[in-house]
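*Asks:* I need the structure of the sequence given here:
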Amino acid sequence: MSVEIRTVTSGQLPLFVRMFEVAALEGAGDAETAVLAEYLEPATNLGAWLGDRLVGTASHFDVELTVPGGASVPASAVTMISTLPTHTRRGISTKLMHHQLRQQREAGRIVAVLEASEGRIYGRWGYGPATRHLTVGMRVRELDFHVDLDDDGSFEFADDDSIVHFGNPLWDAERALRPGRLSRPPQWWAMTLADPPGWREGGGPLLAVFHVAADGTPDGYALYRITPRTEGHIPQAETKVYEVVSPDDHVKALLWRWLLALDLTGTVMVDGLADDDPLWWLPADLRQVRAISSREGLWLRLLDVQAALQARTWFQDGTLSLNVVDPVLDDQSGRYLVVARGGRATCERTGPLDDGDRSPADLTLGVDALAALQLGGVDARTLAGAGRVRARSGDVLAMAARMFRGDVAPHHAGGF
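*Replies:* Coordinates of the predicted model:
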């Protein structure tokens, strides 16, 4: 019996979620399963079926991705990729991913994005790591601040309704400044704020706080959770910070200072801090902000090479010919000519892949490597050194590095 890819109906979503939880080794209860099923209701959910048995899952949402220069492009946010453990190594994930990529392409999405459970899976389908994800920790009882920060505002706790009402415009304002950020549709806000006991990992409830400007307007917010701990009868609670959001770096610094000064806490953990966040520079001793782990963050997949390259801003004029290899979407493989002038670029597909009869392209690379370059977070020379880009000459490679570089480091925040 062959595997058939079919859309999952609303009534099949609880089954879809339970199968994913088994495949992802997640022991969720009824409350967590219900939250996920509701979250997935507006998504496009695909199932791999053997007869009437569900053996694989894949979902995607329609969102917008910020690219260098601040423009937004139509994106598919991919999630819930899994295969039942009894049916792995049979090509089911490949069949699901190929179907999904073609479906997204036909729907007019320019790119797809995902967060990977493992780092070696998704390159085979044309995804490339486009941002970095840093986890950092601080022992706040040892923390001294470099300078005092002026603040004529205040802090107020927020409920779910107010955090969505005031937080969404703040999220969008910061998103416009940062390549790699995604729009947050209503169901994502509901998922972000969902707080069933099984997701708390022994901690307390999810908390939200606003920084409120002197005129009474919220101008930043933070989401965090506190896990009570003691050491020798001394309170040493851990604060886990999920989001600190404001388009104003000074307000961000004020929120960080508030979080770091909470009574009865001993440590602060931050999952997904940007390289250029003000937090790195707040302590008098910069080593007090300790990087615990670093990995790839958002994986990017170009579905329409021409549209994707034309959508971003280019910070160096130049002309590049690209030989792009796409392992799934045959119509995206080929030779492209990019001409960047005054921040904008034209991109034209000029023919099929090089076959040796023409002069070589300036760069030859997979669509995964091109995706890694698209948000400006990695240097083309770095990828060439790792064997992921082949350049016609060193001078051409240096020019490509300048052209692809962004003005702001890309960063992805918030899970999906």
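*Asks:* which residues touch the closest residue to Asp151 other than its chain neighbours?
*Replies:* Of all residues not flanking Asp151 in the chain, Leu254 sits nearest, at 5.3 Å (CB to CB, 6 or more residues apart in numbering). Where C-beta positions appear, they are placed from N, C-alpha and C, glycine not excepted. Leu254 makes contact with Leu149, Asp151, Gly153, His211, Gly220, according to CB atoms under 8 Å, 6 or more residues apart in numbering.
*Asks:* so what does the helix or strand harbouring the last one touch, helix or strand wise?
*Replies:* Here Gly220, judged by DSSP states H and E, is contained in strand 218-227. In terms of contacts (3 or more CB pairs under 8 Å, 6 or more residues apart in numbering; DSSP states H and E), strand 218-227 is packed against helix 160-175, strand 207-212, strand 237-245, helix 249-260.
*Asks:* please repeat the previous calculation with a cut-off of 10 Å.
*Replies:* Judged by 3 or more CB pairs under 10 Å, 6 or more residues apart in numbering; DSSP states H and E, strand 218-227 is in contact with strand 154-157, helix 160-175, strand 207-212, strand 237-245, helix 249-260, strand 265-273.
*Asks:* partners of that strand in the sheet?
*Replies:* strand 207-212 (antiparallel), strand 237-245 (antiparallel) (DSSP bridges).
*Asks:* before we move on, back to that, tell me which two in the contacts of Leu254 are the farthest apart.
*Replies:* Leu149 and Gly220 (12.8 Å; CB to CB).
*Asks:* higher neighbour count, those two?
*Replies:* More neighbours surround Gly220 than the other of Leu149 and Gly220, with 27 against 14 (other CB atoms under 10 Å).
*Asks:* residues in contact with the more buried one?
*Replies:* Applying CB atoms under 10 Å, 6 or more residues apart in numbering to Gly220 gives the contacts 153, 155, 166-167, 170, 174, 209-213, 244-255.
*Asks:* for it, give me the pLDDT.
*Replies:* Here, the pLDDT recorded for Gly220 equals 98.
*Asks:* please report how far it lies from Pro410.
*Replies:* Between Gly220 and Pro410 the computed distance is 21 Å (CB to CB, to the nearest Å).
*Asks:* ok, Leu170 next?
*Replies:* Counting by CB to CB - Leu170 and Pro410 are separated by 19 Å.
*Asks:* more neighbours: those two, which one.
*Replies:* Ranked by neighbour count (other CB under 10 Å), Leu170 and Pro410 place Pro410 first, with 25 against 21.
*Asks:* show me where pLDDT drops low in the stretch 1-150 of the chain?
*Replies:* Along the stretch 1-150 of the chain, the model assigns pLDDT under 70 to residues 27.
*Asks:* ok, which stretches of it are helices?
*Replies:* In the stretch 1-150 of the chain, helices defined by DSSP state H, counting those that start in this stretch lie at 13-23, 30-40, 92-106, listed in chain order.
*Asks:* before we move on, the earlier item: quick one: the strand holding Gly220 to strand 265-273, angle?
*Replies:* Here strand 218-227 runs at an angle of 120 degrees relative to strand 265-273 (axes from the mean of the first three to the mean of the last three CA atoms, to 10 degrees).
*Asks:* chain center to strand 218-227: distance?
*Replies:* Centre-to-centre, strand 218-227 and its host chain are 20 Å apart (CA atoms, centre = their mean, to the nearest Å).
*Asks:* quick one: mean pLDDT over the next helix or strand after it.
*Replies:* Following strand 218-227 in sequence order, the next helix or strand is strand 230-231 (DSSP H and E). Averaged over strand 230-231, pLDDT sits at 88.
*Asks:* so what strands line up beside strand 230-231?
*Replies:* Here, using DSSP bridges, strand 230-231 pairs with strand 234-235 (antiparallel).
*Asks:* what's the strand it pairs with in contact with?
*Replies:* Contacts to strand 234-235, defined as CB under 10 Å, 6+ apart, come from residues Arg141, Pro228, Arg229, Asp263, Leu264, Thr265, Gly266.
*Asks:* and the furthest pair within these?
*Replies:* It's Arg141 and Pro228 that sit farthest apart of the contacts of strand 234-235, by CB to CB, at 15.5 Å.
*Asks:* sorry, back to before: the contacts of strand 234-235, buried ones only, as a ChimeraX selection?
*Replies:* The ChimeraX selection below is limited to those of the contacts of strand 234-235 classed as buried (16 or more other CB atoms under 10 Å):
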select :265,266
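*Asks:* and Leu254, how far is that from Asp219?
*Replies:* 9 Å.
*Asks:* need the overlap of contacts for those two.
*Replies:* Jointly contacting Leu254 and Asp219 under the rule CB under 10 Å, 6+ apart are Gly153, His211, Ser246, Asp248.
*Asks:* who's in contact with Asp407?
*Replies:* Asp407 touches Pro68, Gly69, Gly70, Pro179, Thr313, Phe315, Gly376, counting by CB under 10 Å, 6+ apart.
*Asks:* apply 6 Å and report the result again.
*Replies:* Phe315 (CB atoms under 6 Å, 6 or more residues apart in numbering).
*Asks:* helix/strand/coil for it?
*Replies:* Asp407 carries the three-state label coil when classified by DSSP: H, G, I helix; E, B strand; the rest coil.
*Asks:* so how far is the longest strand seen in the chain off the chain centroid?
*Replies:* Under DSSP state E, the strand in the chain containing the largest number of residues is strand 53-66. Relative to the centre of its chain, strand 53-66 is centred 14 Å away, using CA atoms, centre = their mean.
*Asks:* that strand: which residues count as buried?
*Replies:* Going by neighbour count (16+ other CB under 10 Å), the buried part of strand 53-66 is 54-66.
*Asks:* related to what we said a few turns ago, and the angle from the strand holding Gly220 to helix 249-260?
*Replies:* Relative orientation of strand 218-227 with respect to helix 249-260: 30 degrees, computed using the same axes, to 10 degrees.
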